[in-house]
Structure formats: C-alpha cells, structure tokens
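Peer 1: sequence and predicted structure are below.
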Amino acid sequence: MQETPGRNQLISIVVPVLDEVESLPQLADEIRSVAAANQLNVEVIFVDDGSRDGSWKTICKLTVADARMRGIRFRRNFGKAAALAAGFESAAGQIVFQMDADLQDDPAEIPNFLAKLETDFDVVNGWKKKRLDPWHKVWPSRVFNRMVSGMTGLRLRDHNCGFKCFRAEVVKQMHLYGELHRFIPVIAHADGYRVAEMDVQHRPRRYGRSKYGVRRFFKGFLDLMTVTFLTGFGQRPLHLLGGIGLVAFLMGTLGLGYLALVWLWDNSITVNPDKVPIHERALLPYSIAAVLLGSQMLAMGFLAELIIAMNIRNEHSYNIAERTPPPAQENSP
C-alpha cells in the first residue's frame, strides 16, 4: 500500500470558532474518522474567538474525550486573524491546516491537501469550485479574487477560501493582524514560498449563520491595498511615495515654469489687456498644489525610510529556504 504523505508527521489543524456550538461535535468526529482511515497523526486546536453560545464548554468536553484536541479561549472577539495567529503559534505539527468550524469545509479533503503539498509546494490553497453560497456573496467574491490576483501577481481563483494547508515554517514566521488572514498565500508567495491551489468540496451550512456581510468586501479592498503596499514596498516605501511625489512635483514645476514664461512674454514683448492674468488661470493653483503634494510625499517617503532603517536592524529582508552544512574542520595535530 502506498504511504500517505504526512503519515509520520504531526499535523496540526487550527479551527477558529465563533458561535458554532452545534457543529463542533460533528466536525471533531469527521476529523477523527479521516485521521483513523489514513493513519494520520493529528492535533486539533480550537480557538474560541469570544463565542457566547456555549462553544467553549463543547470544546472543553472534546478535549477531555480526546487528548489530540486542545482549546484556546479569547476573552472577547478579536477577529479571525488573531484566532489563526494564536492557533499557529500553538501548533506543534510539521504541517498546519486551517479550516472553518461551520462544516462547510470537508475534512475528507485533508489527504488530498497532503498529497498536493508533497509535490514540492509549501502552501496549498483550497478552491471552492462549486460554491453553495447565495449569488450576492459569490459574484462580489469573484470580482475580489480577480482584483487580488491582478494586484499581487499570485493567480488564485479563491483567495477567500478558509481551507488551507501549509508547511509549519510558513505560518511560524508570519505576523497576522487586522484582516490579513485572507492574504496568507499572498504574503507567503511574496516571501518566496511555492503556492498551489486545488479544488475542494463546498458543503452547505447546516447550523448557525454566516459571520460575513457586505462590509467584508469593503474591508477586504482596504486590506488588499495594505498587503499590496507591504509586500511590494514594505521595506522600500520611498520607491512608492517618492515616485508619486516626484511625478507630482515635476508636473507642478513644469506648470509654474510655463506660467512664468507666459508672464514674461506678455509683459516684456507685448501688452494685451484682453489676456487672462496669470493669477486668474486655473493652472496656477493646480501647479502650486502639485508642488506641495510632491514635496509632502517625498518628505513622507524619506521619513518612512528613516523609520524602517531604525527598526530593521535586527530583522532580515530575506527568507532562507535551506543551508548547506558548514565545512568540516580538520583537527589540528
């Protein structure tokens, strides 16, 4: 029989929980069944993100019944990114999964993720090829996914999928905050990790209600700009801020120079009372505004570079995949 990838490795499954008391026992049973059928060594970390429906009591019962299951409880709702960060920090496995607690992610897909991960990838992102959500969630999500792919360069069809698999080193060095959990593959890709995508089964929600509304997409767009800036210019902000400032400053300078030449021509060569005075021309305030904006953007870029230079002394701007062993030292006679 062919050996299942990850069988001899500890697999950590991080499950953020927010008011999912009805689905937790079934999810735990399904994970146990998959682990037993494929002889997988797993640990399950439930992170209660401020639930108020008794989810924590259910998690405690699950951990008592099965030593492979553990629980973390937040004092209040801190958000999914914080829940994942706490789970990733506590994960002891060499392979780490994240999945939702609402039973829409099928644990039976875990062996498929492992097989895909073993084909020389570091991150495997799920793709809900056939989504069972209403149209007003599906279509905005598709538009958002195309925007993310176009702006970040990582072509995935479902950046929002909550079912993902990573090598532990990927998430251990990642700092999640705000709503950046949507962009874990993007951040990993920017760090040089290899990212793949595979289609997964999307099951209908059986209990509770969705935690996401229309505001999610507005927040997602703002987070997309944040991630694009951090991954592209996080350690060279002057390239972006200074570039914008330089263009604005040059345009404003050209406008003012043109107006200066017009003024000299009008007053030294010929006097025409019908010509519009310089101070009444729209180009003057626009040029002055462009010069001021350019100066401010350049100043902000230099200040950002100074802040990074002062804070990055103990941090590296690169990510090492592996090292060759040091040369053997000959014993002196």
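Peer 2: Now that the structure is in, tell me what you want to look at.
Peer 1: C-terminal to the helix or strand of the chain with the lowest mean pLDDT, what's the next element?
Peer 2: Ranked by mean pLDDT, DSSP states H and E, the helix or strand of the chain with the weakest confidence is helix 215-233, at a mean of 73. The helix or strand immediately downstream of helix 215-233 is helix 237-268, counting by DSSP states H and E.
Peer 1: still on that earlier bit, would you mark the buried spots in the least confident helix or strand of the chain?
Peer 2: 216, 220, 223-224, 227-228, 230-233 (16 or more other CB atoms under 10 Å). The C-beta positions use only the backbone N, C-alpha and C, and glycine is treated the same way.
Peer 1: most widely separated two among those?
Peer 2: Arg216 and Phe233 (25.5 Å; CB to CB).
Peer 1: what distance separates stretch 169-183 from the centre of its chain?
Peer 2: Per CA atoms, centre = their mean, to the nearest Å, the displacement of stretch 169-183 from the mean C-alpha position of its chain is 6 Å.
Peer 1: that one: end-to-end distance?
Peer 2: The first residue of stretch 169-183 is 17 Å away from its last residue (CA to CA, to the nearest Å).
Peer 1: next, the buried residues of that stretch.
Peer 2: Result for stretch 169-183 [16+ other CB under 10 Å]: buried residues 170-171, 174, 176, 179-183.
Peer 1: domains for the chain, by residue range?
Peer 2: Annotated domains of the chain cover 10-233, 237-311 [automatic domain parsing].
Peer 1: tell me the most buried of the ones you listed?
Peer 2: Highest mean neighbour count of the domains of the chain: domain 10-233, a mean of 18 (counted as mean count of other CB atoms under 10 Å).
Peer 1: okay, now that one: how far is its last residue from its first?
Peer 2: 36 Å.
Peer 1: could you do stretch 146-166 as well?
Peer 2: Note: stretch 146-166 ends 23 Å apart using CA to CA.
Peer 1: ok, Val247 touching Leu293?
Peer 2: No: assessed by CB atoms under 8 Å, Val247 is found out of contact with Leu293, at 9.9 Å.
Peer 1: any weak-confidence spans in the stretch 151-300 of the chain?
Peer 2: Scanning the stretch 151-300 of the chain for pLDDT under 70 picks out the ranges 208-217, 220, 234, 268-274.
Peer 1: hmm, 80 instead?
Peer 2: 177-180, 207-236, 265-279 (pLDDT under 80).
Peer 1: leaving aside the residues adjacent along the chain, what's closest to His202?
Peer 2: Take His202 and drop its neighbours on the chain: the residue closest to it by CB to CB, 6 or more residues apart in numbering is Lys128, 4.0 Å away.
Peer 1: does the one you found touch Arg203 like I think?
Peer 2: No: Lys128 lies out of contact with Arg203 (CB under 8 Å); the separation is 9.8 Å.
Peer 1: would you map the helices across the protein?
Peer 2: 24-38, 55-65, 80-90, 110-117, 135-152, 168-172, 184-190, 215-233, 237-268, 283-311 (DSSP state H).
Peer 1: who does the fourth one touch, helix- and strand-wise?
Peer 2: Secondary-structure packing of helix 110-117 (3 or more CB pairs under 8 Å, 6 or more residues apart in numbering; DSSP states H and E): strand 10-17, helix 24-38, strand 95-98, strand 123-128, strand 164-167, strand 195-200.
Peer 1: please convert those to a markdown table, extending it with distance to Gly255.
Peer 2: Formatted as a markdown table, the helices and strands packed on helix 110-117 follow (distance: least, CB to CB, whole Å):
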| stretch | distance to Gly255 |
| --- | --- |
| strand 10-17 | 53 |
| helix 24-38 | 63 |
| strand 95-98 | 52 |
| strand 123-128 | 48 |
| strand 164-167 | 50 |
| strand 195-200 | 45 |
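Peer 1: wait, which of the ones you listed is closest to Ser51?
Peer 2: strand 10-17 (6.0 Å).
Peer 1: in its sheet, which strands sit next to the closest one, and in what direction?
Peer 2: strand 41-48 (parallel), strand 95-98 (parallel) (DSSP bridges).
Peer 1: JSON lines for those strands, including distance to Thr58?
Peer 2: As requested, those are exported to JSON lines (distance: least, CB to CB, whole Å):
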{"stretch": "strand 41-48", "distance to Thr58": "9"}
{"stretch": "strand 95-98", "distance to Thr58": "20"}
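Peer 1: can you redo those strands as CSV with mean pLDDT?
Peer 2: What follows is the strands paired with strand 10-17, written out as CSV (pLDDT from 0 to 100):
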stretch, mean pLDDT
strand 41-48, 95
strand 95-98, 96
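Peer 1: compare those strands and report which one is nearest to Gly153.
Peer 2: Smallest distance to Gly153 across these (CB to CB): 22.6 Å, for strand 95-98.
Peer 1: chain center to that closest one: distance?
Peer 2: 16 Å.
Peer 1: the strands paired with strand 10-17: which one's closest to Arg76?
Peer 2: strand 41-48 (10.7 Å).
Peer 1: show me the contact partners of the closest one.
Peer 2: 7-18, 24, 28, 31, 35, 55-56, 59, 62, 68-74, 83-84, 86-87, 90-93, 101 (CB atoms under 8 Å, 6 or more residues apart in numbering).
Peer 1: chain center to it: distance?
Peer 2: With CA atoms, centre = their mean, you get 22 Å for strand 41-48.
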